[in-house]
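A.B. asks: missing the sequence, but the structure's below:
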């Protein structure tokens with residue numbers, strides 16, 4: 001897959017997160033994934049963490065991550081996203097528009113971006 005887009009119900013997002021995790025376990029397919037669009041998906045903490053773990057693993061090259069419209073992202077999901085941003089230097093575009101992150105979540109994301117390797121490709125688009 002080069003692109004996965006899903007913007008409907010959380011049940012489907014749970015399935016996608018589970019499949020991403022399984023694909024990583026067998027090292028199949030994710031090395032070509034360039035864009036993940038989970039706009040308005042309203043995923044659970046478990047799905048958010050699974051997605052972040054899958055994308056933070058070496059061998060994934062996602063450049064575009066769209067999570068817009070997921071208002072009320074939990075602290076656990078934002079923390080997992082921060083870990084992802086610190087570990088995965090391939091992400092160049094992150095869309096969190098209409099997520100209502102708040103001050104704490106924003107600070108955590110900023111800290112994660114500061115931990116990214118300076119030699120890596122920079123995040124070029126951050127939509128809050």
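C.D. replies: Happy to help now that I have it. If you're wondering where the values come from, they're calculated on a predicted model, not measured in any experiment.
A.B. asks: Enumerate the helices of this structure by residue range, in sequence order.
C.D. replies: 10-25, 45-56, 75-87, 102-115 (DSSP state H).
A.B. asks: now the angle from the last one to helix 75-87?
C.D. replies: Spelled out, that is helix 102-115. Per axes from the mean of the first three to the mean of the last three C-alpha atoms, to 10 degrees, the angle that helix 102-115 makes with helix 75-87 is 20 degrees.
A.B. asks: Buried ones in helix 102-115, by neighbour count?
C.D. replies: For helix 102-115, burial by neighbour count (16 or more other C-beta atoms under 10 Å) applies to 105, 108-109, 112-113. (Each C-beta comes from the backbone N, C-alpha and C, glycine too.)
A.B. asks: from those, which two are the most distant?
C.D. replies: Spatial extent of the buried residues of helix 102-115 (C-beta to C-beta) is set by the pair 105 and 113 at 12.8 Å.
A.B. asks: Please convert the helices of the chain to JSON lines, extending it with distance to residue 122 and mean pLDDT.
C.D. replies: Output for these, formatted as JSON lines (distance: least, C-beta to C-beta, whole Å; pLDDT from 0 to 100):
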{"stretch": "helix 10-25", "distance to residue 122": "25", "mean pLDDT": "65"}
{"stretch": "helix 45-56", "distance to residue 122": "17", "mean pLDDT": "79"}
{"stretch": "helix 75-87", "distance to residue 122": "12", "mean pLDDT": "86"}
{"stretch": "helix 102-115", "distance to residue 122": "9", "mean pLDDT": "85"}
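A.B. asks: which stretch among the ones you listed comes nearest residue 127?
C.D. replies: helix 102-115 (12.1 Å).
A.B. asks: circling back: just the buried residues of helix 102-115 now: which is nearest residue 60?
C.D. replies: Distances from residue 60 to these, taken by C-beta to C-beta, are shortest for residue 112, at 16.6 Å.
A.B. asks: I figured that closest one was touching residue 80, is that so?
C.D. replies: No: the pair residue 112 / residue 80 is not scored as a contact, 10.2 Å apart, by C-beta atoms under 8 Å.
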